[in-house]
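In: The following block contains a protein sequence and its predicted model.
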Amino acid sequence: MGVTSPGTAISPSHVAASAVPEPAVPFWEIETVRAKEFIPPVREALRDVVARKGSDPVIQPVFNWAGRNSLFPLHWGLACCAIEFAAAFGARWDAERFGIVPRSSPRQCDLMIVNGTVTWKVAHKLITLYEQMPEPKWVIAMGNCATGGGPFRSAYSVVPGVDKLVPVDVYIAGCPPRPEAMLDGILRLERLIQDRRE
Ligand code: SF4
């Protein structure tokens with residue numbers, strides 16, 4: 001407690017309030033003004049770029065080049081193929097040297113690698129994750145289970161191929177496919193993205 005003169009006491013909260021004066025305009029209002037000035041022109045510029053992207057022979061290859069070299073797969077695993085997926089990002093295979101960086105939020109991902117047995121119980125979760133990913137997005141079915149049900153194809157609980165749930169761009173055979181096979185599948189997808197014309 002601060003004391004200025006005998007009998008006059010100043011509380012700590014009073015000192016703090018007088019030391020930091022209130023700004024003339026509250027901070028949140030400054031941010032709102034900034035957002036109002038900044039967001040509409042950027043949105044207009046991006047809308048223009050995206051509208052021209054479909055037909056522009058210069059912009060589209062740049063979009064494709066950027067997309068193919070910065071794939072963000074969803075960071076998740078379903079079954080034993082997920083171990084190979086994880087190994088591909090270790091020091092030996094180092095998938096990140098191709099610009100492939102797993103992200104844990106589907107909202108930041110453009111690639112879903114289905115790496116294991118898909119059961120009907122998890123099917124609606126898989127579809128939700130896929131729908132949360134922004135466009136453009138791609139799907140790789142990694143291993144025999146994701147491709148067609150694998151050794152569990154006739155089981156009542158197993159989806160006989162993830163293409164029954166979401167569109168698949170690349171299939172990788174194997175039970176399990178090795179990390180090299182997964183990287184080969186991703187490089188095939190990169191070639192598809194490079195040749196994209198939509
Ligand atoms: S394909 Fe083979 S290794 Fe991969 S999830 Fe199915 S059973 Fe496991």
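Out: That came in fine, so what should we check first?
In: My read is that Val168 contacts Gly148, right?
Out: No. Using C-beta atoms under 8 Å, Val168 is not in contact with Gly148; the gap is 10.8 Å. (C-beta placed from N, C-alpha, C; glycine too.)
In: any idea how far Leu74 is from the closest residue in space to Pro106 that isn't next to it in sequence?
Out: Here the nearest residue to Pro106 in space, its sequence neighbours aside, is Gln132; by C-beta to C-beta, 6 or more residues apart in numbering that works out to 4.0 Å. Separation of Gln132 from Leu74 (C-beta to C-beta, to the nearest Å): 9 Å.
In: quick one: which of these two has more around it?
Out: Leu74 (25 against 14; other C-beta atoms under 10 Å).
In: how much space between the residue nearest to that one when sequence neighbours are not counted and Glu84?
Out: Leaving aside its chain neighbours, Leu74 sits nearest to Cys109 (4.5 Å; criterion: C-beta to C-beta, 6+ apart). Per C-beta to C-beta, Cys109 is found 19 Å from Glu84.
In: got it, and Leu187?
Out: Noted for Leu187: a distance of 16 Å to Glu84, by C-beta to C-beta.
In: Check Arg43 too.
Out: Between Arg43 and Glu84 the distance is 41 Å, computed by C-beta to C-beta.
In: With neighbour numbers in mind, choose between these two.
Out: Between Arg43 and Glu84, counted using other C-beta under 10 Å, the more crowded position is Glu84 (23 against 10).
In: For that one, give its distance to Tyr171.
Out: Using C-beta to C-beta, Glu84 is found at 15 Å from Tyr171.
In: swap in Val158?
Out: In terms of C-beta to C-beta, Val158 sits 17 Å off from Tyr171.
In: now Pro57
Out: For Pro57 relative to Tyr171 (C-beta to C-beta), the value is 31 Å.
In: which of the two has more neighbours?
Out: Just comparing Pro57 and Tyr171: by other C-beta under 10 Å the higher neighbour count belongs to Tyr171, 20 against 6.
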